[in-house]
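S.K.: this one's structure only:
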């Protein structure tokens with residue numbers, strides 16, 4: 001699942017001007033769920049999945065990992081709600097080794113119903129969340145908070161409004177229109193704006209600069225390359241402190257550590273991207289692109305000390321034309337671990353660069369294009385299928401770390417929904433922990449069911465991304481396998497329209513094995 005996109009006019013952006021166009025794809029195949037063989041309780045006790053994992057100065061009881069997912073349950077001011085607490089307590093009852101709380105904004109700015117940690121006033125609510133997870137997991141689960149920065153984005157404008165109000169006119173516009181015989185060379189501004197409004201998109205592509213056309217067709221969004229904007233130019237100066245203060249607040253709230261969000265379409269991932277061409281020493285070469293992330297890690301480590309756990313989520317591949325690839329991700333990972341990271345959690349894609357064009361009045365969403373599918377692969381795709389699709393990226397990063405004598409654990413993810421796949425990834429050395437977001441959403445108890453030898457009771461994710469579709473619409477995220485099931489006799493919290501339950505049904509742990 002995605003880490004969410006802020007609902008208001010501040011959303012994460014990528015780092016170079018490019019316009020998404022239709023992409024030809026290979027023949028689409030619908031894959032069936034693989035058969036699953038579930039271990040006995042005795043086999044599970046001997047499994048690597050249920051062995052402890054050292055992460056910095058901490059030890060997770062198992063190698064099961066629930067990655068960050070944004071459920072759209074915070075208040076519009078970024079505070080924890082009862083629904084947020086219920087969401088994480090439900091995952092905790094499944095006793096994962098590690099549970100990562102959703103992307104939480106490090107700035108004290110409006111961002112819709114996403115959690116925030118840019119001020120001390122957010123700490124009490126987050127502490128309540130921590131207490132609920134500790135109680136639900138009986139103190140077993142390690143709890144990390146994912147912290148994030150994002151740049152500004154606006155919704156796709158109405159055509160007439162864009163040309164009347166937002167486009168900064170240039171002489172080139174007048175000249176291009178005059179060359180086409182659409183107005184006189186001395187036409188006034190109003191005539192130019194009217195003439196542009198009357199053109200079709202093909203003509204506008206020819207007349208407007210690429211960035212202007214993207215602002216019109218997709219909505220304006222900031223990039224890390226926008227050094228003409230003072231707040232973008234100053235990012236290297238301000239972000240280390242913002243991340244450090246946010247991390248200190250997370251520890252004050254009781255979290256075991258933080259996961260720095262360096263992945264997908266967000267600010268820090270944009271600095272790591274090959275599309276980052278800043279000329280101020282923080283873009284261009286891989287050494288310069290990793291400079292700010294290294295400075296952030298060092299600032300966080302200096303602020304929270306050696307006992308706290310610090311990790312990051314980063315991309316093994318951006319999965320876009322001209323984007324960073326696995327050899328760069330391996331280099332970044334080595335530099336970041338040397339700077340003080342305790343773990344690396346690997347993802348892929350999820351970029352604005354190839355996102356689909358949004359409807360007028362809506363903002364672009366970075367998980368709608370081919371790179372979005374690579375981030376959250378579904379059963380509909382190419383011949384490789386979704387199951388374990390991105391584990392090779394984790395394996396490459398882990399290999400690069402070990403070759404340099406660095407023992408930070410690596411978290412692998414991507415379409416993992418069976419014990420056999422998870423166990424094989426660990427035993428074959430592809431990763432040190434197994435991340436499973438969508439399967440954990442489908443059945444938060446699945447780790448516990450496997451551990452107790454009751455894997456046949458696992459509610460298996462069908463990988464259709466119903467959950468991601470809700471996220472895209474900024475609706476409270478649920479799973480289609482259980483969100484209409486009110487037959488359990490419990491009284492669950494419900495969605496705003498009252499039609500969906502917001503947490504998975506309780507597992508009847510005392511039921512006999514089938």
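M.R.: Nice, I can see it. Keep in mind that this is a model prediction, so the values were computed, not measured.

S.K.: Which residue, other than its chain neighbours, is closest to residue 307?
M.R.: residue 57 (5.2 Å; CB to CB, 6 or more residues apart in numbering). To be clear about C-beta, it is placed using only N, CA and C from the backbone, and glycine gets the same treatment.

S.K.: neighbours around that neighbour, how many?
M.R.: 13 (other CB atoms under 10 Å).

S.K.: If we go by neighbour counts, what in the helix ranked longest in the chain is buried?
M.R.: The longest helix of the chain (DSSP state H) is helix 235-252. Neighbour-count burial for helix 235-252 flags 235-236, 239-240, 242-251 (criterion: 16 or more other CB atoms under 10 Å).

S.K.: Over to stretch 335-352?
M.R.: Residues of stretch 335-352 classed as buried by neighbour count (16+ other CB under 10 Å): 335-337, 339-352.

S.K.: May I have the distance across it, first residue to last?
M.R.: Using CA to CA, to the nearest Å, the end-to-end distance of stretch 335-352 comes out at 26 Å.

S.K.: next one: stretch 328-347
M.R.: For stretch 328-347, the first and last residues are 14 Å from each other (CA to CA).

S.K.: show me where the chain has strands.
M.R.: Secondary structure of the chain (DSSP state E): strands at 29-30, 53-55, 58-60, 64-66, 98-105, 142-148, 257-262, 309-315, 343-347, 380-381, 410-412, 433-435.

S.K.: any idea of the mean pLDDT in the fifth one?
M.R.: It refers to strand 98-105. Across strand 98-105, pLDDT averages out at 98.

S.K.: So which of the strands of the chain is nearest residue 43?
M.R.: Checking the strands of the chain against residue 43 by CB to CB gives strand 64-66 as the closest, at 15.6 Å.

S.K.: List the contacts of the residue nearest to residue 302 when sequence neighbours are not counted.
M.R.: Closest residue to residue 302 apart from its sequence neighbours, by CB to CB, 6+ apart: residue 244 at 7.1 Å. Residue 244 makes contacts with 296, 299, 300, 302, 303, 304, as judged by CB atoms under 8 Å, 6 or more residues apart in numbering.

S.K.: repeat that for 6 Å
M.R.: Neighbouring residues of residue 244 by CB atoms under 6 Å, 6 or more residues apart in numbering: 299, 300, 303.

S.K.: What confidence value was assigned to it?
M.R.: At residue 244, the predicted lDDT confidence score is 98.

S.K.: Quick one, grab the pLDDT at residue 187.
M.R.: Note on residue 187: pLDDT of 92.

S.K.: From residue 161, how far off is it?
M.R.: Separation of residue 187 from residue 161 (CB to CB, to the nearest Å) stands at 21 Å.

S.K.: Neighbour count for the two, which is higher?
M.R.: Ranked by neighbour count (other CB under 10 Å), residue 187 and residue 161 place residue 187 first, with 15 against 11.

S.K.: Quick check: the gap between the more buried one and residue 170.
M.R.: From residue 187 to residue 170 the distance is 14 Å (CB to CB).

S.K.: likewise residue 31?
M.R.: 50 Å.

S.K.: Between those two, which has more neighbouring residues?
M.R.: Legend: neighbour count by other CB under 10 Å for residue 31 and residue 170, higher for residue 31 (18 against 13).

S.K.: Can you tell me the number of residues neighbouring the residue lying closest to residue 37 once chain neighbours are set aside?
M.R.: Nearest non-adjacent residue to residue 37, counting by CB to CB, 6+ apart: residue 420, 5.9 Å away. If you count neighbours by other CB under 10 Å, residue 420 ends up with 13.

S.K.: cool, residue 52 as well?
M.R.: The number of residues packed near residue 52 is 11, by other CB under 10 Å.

S.K.: can you list the residues that contact stretch 139-147?
M.R.: Contact partners of stretch 139-147, identified using CB under 6 Å, 6+ apart, comprise 60-61, 68, 92, 95-96, 98-101, 103-104, 106, 133, 246, 250, 255-259, 261.

S.K.: Against residue 162, how distant is residue 176?
M.R.: In terms of CB to CB, residue 176 sits 17 Å off from residue 162.

S.K.: go on, residue 274?
M.R.: Using CB to CB, we find residue 274 at a distance of 30 Å from residue 162.

S.K.: where does the stretch 1-150 of the chain have low pLDDT?
M.R.: Applying pLDDT under 70 to the stretch 1-150 of the chain picks out residues 1-26.

S.K.: and if we set it to 50?
M.R.: Along the stretch 1-150 of the chain, the parts satisfying pLDDT under 50 run over 7-24.

S.K.: okay, how far is it across stretch 407-416, tip to tip?
M.R.: End-to-end distance of stretch 407-416 (CA to CA): 24 Å.
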